[in-house]
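Chemist: with the sequence up front, the predicted model follows.
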Amino acid sequence: MDKKKLYVGNLPWSMTNDSLKELFASYGEIVEAIVITDRMSGRSKGFGFVTFADEATAEKAAAEMSGKDLEGRKIVVNVARPREERRRF
């Protein structure tokens with residue numbers, strides 16, 4: 001499991017990749033910040049991922065940012081779990 005990659009949930013719909021990166025930039029070097037969007041509409045799905053250069057920075061960011069109020073929404077931040085295979089029926 002990559003402990004440098006954080007899941008960030010319950011994001012405001014207005015959040016972009018750049019604003020997500022800015023939100024966490026004060027904690028340290030960010031390798032990647034992505035807001036997940038719907039393939040069809042291009043609209044945010046309300047969550048994303050932030051990958052830091054090192055684990056200690058990611059842990060500090062997760063601890064301090066989880067539960068923060070962002071545009072009236074309390075964001076959820078924790079270590080991202082590996083994506084599970086989707087079953088196709």
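Modeler: Received the coordinates, thanks. Numbering: from 1, shown residues only.
Chemist: which residues touch R43?
Modeler: By Cβ atoms under 8 Å, 6 or more residues apart in numbering, the contact set of R43 is W13, T37. To be clear about C-beta, it is placed using only N, CA and C from the backbone, and glycine gets the same treatment.
Chemist: now it: how far from L70?
Modeler: 17 Å (Cβ to Cβ, to the nearest Å).
Chemist: check V35 too.
Modeler: 13 Å.
Chemist: common neighbours of these two, please.
Modeler: With Cβ under 8 Å, 6+ apart as the test, V35 and L70 both reach L11, M15.
Chemist: residues in contact with V8?
Modeler: Contacts for V8 (Cβ under 8 Å, 6+ apart) come out as L20, F47, G48, F49, V50, M65, I75, V76, V77.
Chemist: apologies, that question was intended for L6.
Modeler: Contacts of L6 by Cβ under 8 Å, 6+ apart are F24, F49, V50, T51, F52, A58, A61, A62, V77, N78, V79, A80.
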